[in-house]
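Participant: the sequence and its predicted three-dimensional model are supplied below.
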Amino acid sequence: MAKSGKRLKKAYGGIDPDAPPIKVEEAVKLVKERATAKFDETVEVAMNLNIDPRKQDQNLRGTVMLPHGTGKSIRVGVFARGDKAKEAEAAGADVVGAEDLAEKIQAGQIDFDRAVATPDMMGVVGPLGKVLGPRGLMPSPRAGTVTQDVATAVREYKAGKVEFRSKDKGGGVHCVVGKLSFTETQLVENIEAMIKYIHTIKPPSSKGIYMKSISLSATMMPGIYIVA
């Protein structure tokens with residue numbers, strides 16, 4: 001317990017939750033300096049946006065390509081038949097199927113982190129909403145996971161594309177941006193790519209300050225506010 005207490009004290013040391021936002025580069029350096037866990041901690045960005053997800057036009061959901069990926073090996077499942085199934089397999093999909101894949105999912109066998117489907121497969125995928133939806137795995141046109149170009153979708157997820165969506169009425173958006181083992185430059189570039197993209201999809205109906213706050217944190221550390 002004592003060792004755990006010392007690690008937490010180091011992680012939280014010098015971090016003032018009421019301090020003004022700092023530059024991304026400074027925040028990344030601060031987070032890396034305070035690494036205490038014996039595992040490779042996940043780094044995440046949390047944004048508080050001036051949006052109301054209950055309104056359809058302000059419910060943000062999409063994908064962004066991180067220059068250096070997330071540091072996690074992503075397993076991609078694809079709902080497709082015929083040539084599209086072959087294209088998905090050739091692109092590196094881990095699980096490919098149609099009705100057979102749907103049956104496995106209904107039985108509780110979900111062996112993938114992202115799901116992609118061709119448009120003609122939505123009749124098969126639709127009934128799986130109650131199973132895949134709560135896990136954030138339901139294919140969606142808005143997220144670009146319902147597409148004819150399944151090969152590109154598979155390759156992009158394997159290369160570092162991540163999904164995000166506004167999950168609460170407060171306008172919160174969270175996204176994993178890497179691991180603490182990444183270099184400072186890699187983390188900064190991933191974070192900046194995420195922030196830049198969120199800026200580009202600001203809903204026209206969102207008035208006033210769009211990004212109210214952004215914080216950077218690692219698994220075993222508190223959030224550090226960074227400049228939007």
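Facilitator: Yep, that arrived.
Participant: going forward, measure contacts and count neighbours with C-alpha atoms only.
Facilitator: Fine.
Participant: I'd say residue 228 and residue 195 touch.
Facilitator: Yes. Using Cα atoms under 8 Å, residue 228 is in contact with residue 195, at 7.4 Å.
Participant: any shared contact partners between those two?
Facilitator: Applying Cα atoms under 8 Å, 6 or more residues apart in numbering, one finds that no residue jointly contacts residue 228 and residue 195.
Participant: now the helices for the chain?
Facilitator: Applying DSSP state H to the chain gives helices spanning 2-12, 24-33, 82-91, 99-106, 122-125, 129-132, 150-159, 184-200.
Participant: most tightly packed of those helices?
Facilitator: Among those, ranked by average contacts under mean count of other Cα atoms under 10 Å, first place goes to helix 150-159 (a mean of 21).
Participant: so how far is it from its chain's centroid?
Facilitator: When distances are taken as Cα atoms, centre = their mean, to the nearest Å, helix 150-159 is centred 15 Å away from the chain's centroid.
Participant: now do stretch 184-204
Facilitator: For stretch 184-204, the distance to the chain centre is 12 Å (Cα atoms, centre = their mean).
Participant: with stretch 29-49 instead?
Facilitator: That offset, for stretch 29-49, works out to 15 Å (Cα atoms, centre = their mean).
Participant: same thing with stretch 101-120?
Facilitator: What separates the centre of stretch 101-120 from the centre of its chain is 19 Å, taken as Cα atoms, centre = their mean.
Participant: if we can go back for a sec, nearest to residue 213, of the helices of the chain?
Facilitator: Of all those, it is helix 184-200 that lies closest to residue 213, at 11.2 Å by Cα to Cα.
Participant: can you name every helix or strand that the closest one contacts?
Facilitator: Helices and strands touching helix 184-200, by 3 or more Cα pairs under 8 Å, 6 or more residues apart in numbering; DSSP states H and E, are helix 24-33, strand 61-65, strand 172-179.
Participant: packing partners for the last one?
Facilitator: In terms of contacts (3+ Cα pairs under 8 Å, 6+ apart), strand 172-179 is packed against strand 42-49, strand 161-165, helix 184-200.
Participant: any chance of CSV for those, columns mean pLDDT?
Facilitator: Shown next, in CSV, are those (pLDDT from 0 to 100):
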stretch, mean pLDDT
strand 42-49, 94
strand 161-165, 86
helix 184-200, 95
